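**Q** need coordinates for the below:
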Amino acid sequence: MDVQAFDFELPESLIAQTPLLDRTASRLLTLNKETGAIGHQTFEQLIDYLEAGDLLVMNDTRVIPARLFGVKKDTGAKVELLLLKQLGEDRWEALVKPGKRMQLGAVAVFGINQDGAQNDEPLLTAEVVEVGDMGARVLQFSYKGIFNEILDRLGEMPLPPYIKEQLPERERYQTVYAKHEGSAAAPTAGLHFTEAYLDKLKAKGIRLAFVTLHVGLGTFRPVSVDTIEEHQMHAEYYVLSEETAAAINETKAKGNRVVAVGTTSARTLETAAGLSREQDGNKAGEQLVIQPSQGWTSIFIYPGYTFGVVDALLTNFHLPKSTLLMLISALAGRTNVMQAYEEAVREQYRFFSFGDAMLIY
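**A** Coordinates of the predicted model:
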């Protein structure tokens, strides 16, 4: 399938640069995946589309302040790192700018000028131990103390490149239920929820469950091939617990819906579905029983895919020709999705990370 089939014209003015003061104040475009019917609501009306017994599955990953600014140890030239994936033993996969300055063996230092005074020892040192494509590097870090505390002191929140404004408050790029640190970007569909609104949903009998998927490299890389089938997805670490697996199976057994909050939750759920199919060998027409699992997933969902768990999806509006746009097209149909996006542009919805929401049901 041609990647160009997922392109659309988006005025730059519709790219949301700052979050709304009230998380629940965004608009909500609804799309019926069977009929293609489109509705225009506010996010607070999401509750009207959910029924008692439905299960919302949310990604509880927490974004780390993964953007670091430093200098090359030998020349003093400025370098920028974006930490993407923890590899263990103080090694990280990262994006490096400019990549030409950080080749194999190059060393960068961070935190050498604190409070206007020059320190003899940098707070953090990174050496390039592997070189990949498009600025990707594997870095070996050295430091004294606790890495996360140093990162919290030196790092900045890694906002997507299409956001030019500064974020005055770090927590506004975290979901209210963020728990497990490890992401290079927020699972942005969850940014619309407040604790109060979650309590309102639970009071109606809507259940909540959590998965963890640490958002990584693919968030910052475009699809650069001509056909979808050629694209290689990045791998991201996920966890689906026994508690969440049990909640999914109970929901399905009762005939209620599993509603994924965000494409990261959807990818985690469908990864577990694929593993469970392999383990159980369930036959057509049989209810798939989801097993708890964890590990690395590079699942790529695009039109033609049959969903095993996800019945409905709450998401934001995605970039043209992105794998996320392809995923929602697999759920609702490419024609329905592209028509909905055309209407969203016409109605001036706010796009991307700090933008409005969309419910596919």
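
**Q** with only the CA atoms kept, save stretch 290-310 in PDB.
**A** Listed next in PDB are the C-alpha coordinates belonging to stretch 290-310 (Å, rounded to 0.1, in the frame of the first residue of the first chain):
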ATOM      1  CA  ILE A 290      -5.100 -12.600  26.900                       C
ATOM      2  CA  GLN A 291      -2.000 -13.700  28.800                       C
ATOM      3  CA  PRO A 292       0.200 -11.300  30.800                       C
ATOM      4  CA  SER A 293       3.500 -10.500  29.000                       C
ATOM      5  CA  GLN A 294       6.400  -8.100  28.800                       C
ATOM      6  CA  GLY A 295       9.300  -7.500  26.500                       C
ATOM      7  CA  TRP A 296      10.100  -5.600  23.300                       C
ATOM      8  CA  THR A 297       7.500  -5.000  20.600                       C
ATOM      9  CA  SER A 298       7.900  -3.700  17.100                       C
ATOM     10  CA  ILE A 299       4.300  -4.400  16.000                       C
ATOM     11  CA  PHE A 300       3.200  -2.400  12.900                       C
ATOM     12  CA  ILE A 301      -0.500  -2.100  12.500                       C
ATOM     13  CA  TYR A 302      -1.900  -0.900   9.200                       C
ATOM     14  CA  PRO A 303      -5.000  -1.500   7.100                       C
ATOM     15  CA  GLY A 304      -5.600  -5.200   6.600                       C
ATOM     16  CA  TYR A 305      -4.800  -6.000  10.300                       C
ATOM     17  CA  THR A 306      -7.400  -7.800  12.400                       C
ATOM     18  CA  PHE A 307      -7.700  -6.500  15.900                       C
ATOM     19  CA  GLY A 308      -7.700  -9.100  18.700                       C
ATOM     20  CA  VAL A 309      -8.400  -6.900  21.700                       C
ATOM     21  CA  VAL A 310      -9.100  -3.300  20.900                       C
END
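
**Q** check which helices and strands whatever helix or strand residue 212 lives in sits against.
**A** Following DSSP states H and E, one finds residue 212 within strand 207-213. Judged by 3 or more C-beta pairs under 8 Å, 6 or more residues apart in numbering; DSSP states H and E, the packing partners of strand 207-213 are strand 55-59, helix 195-203, strand 236-240, helix 242-253, helix 263-280. Any C-beta I mention is one placed from the backbone N, CA and C, and that applies to glycine too.

**Q** can you pull the buried residues of the last one?
**A** If you call a residue buried by 16 or more other C-beta atoms under 10 Å, then helix 263-280 has these buried ones: 263-276.

**Q** good, we can wrap up now.
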